[in-house]
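Enquirer: what shape does this take:
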Amino acid sequence: MNKQRKRTVGQGRFLTFSLGGDTFGLGIFKVKAVVELMTVICVPGFSLSMEGVINYRGKFLPVVDIRQKFNMHHDRYTEKTCILVVEVQASKGVVSEVGIIVDAVSEVVNISRKTAKLRLPLAKKETTAPF
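Expert: Just a heads-up that it's a prediction; the model follows:
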């Protein structure tokens with residue numbers, strides 16, 4: 001009989017990035033691409049945290065500035081500023097992609113069960129789309 005190993009919150013491989021002087025991580029399987037910062041087209045009627053859209057591989061991709069979402073100070077963009085293309089679960093189980101503007105991408109880290117001591121600060125309800 002095969003015993004399936006359960007993953008715990010905070011365990012696995014994460015892409016780390018910096019934002020406003022702090023370091024954050026996203027599950028590596030949720031990150032689809034890291035692209036350099038490009039012109040973001042503003043769209044009237046988007047929420048304040050939505051910067052607009054970019055043309056990503058021939059599709060319009062919504063882009064979020066999570067600094068605005070979390071009321072963080074907005075620094076100027078630098079040559080290290082980039083967009084993470086991430087997979088998010090929208091309503092009714094629909095999976096889509098969204099771009100997230102970050103200050104810089106650091107590295108991929110592996111967090112084991114022994115070192116995973118902190119809980120995620122956001123409830124699942126808060127991490128689903130739309131932003």
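Enquirer: now do stretch 37-50: distance to the chain's middle.
Expert: 16 Å (Cα atoms, centre = their mean, to the nearest Å).
Enquirer: tell me which residues of that stretch come out buried.
Expert: By neighbour count on 16 or more other Cβ atoms under 10 Å, the buried set for stretch 37-50 is 37, 40, 46, 50. In short, each C-beta sits where N, CA and C put it, glycine included.
Enquirer: ok, the helix or strand containing residue 18: who's next to it in the sheet?
Expert: Residue 18 is part of strand 12-19 when elements are defined by DSSP states H and E. Paired strands of strand 12-19, with direction, are strand 22-27 (antiparallel), strand 104-111 (antiparallel) (DSSP bridges).
Enquirer: now the strands for the protein?
Expert: Ranges of strands within the chain are 12-19, 22-27, 31-36, 50-56, 59-64, 82-89, 95-102, 104-111, based on DSSP state E.
Enquirer: looking at those strands, which is closest to residue 75?
Expert: Minimum separation from residue 75 across the strands of the chain (Cβ to Cβ) falls at strand 12-19, 9.2 Å.
Enquirer: nearest residue to residue 39 other than its sequence neighbours?
Expert: Excluding the flanking residues, the one nearest residue 39 by Cβ to Cβ, 6 or more residues apart in numbering is residue 54, at 7.3 Å.
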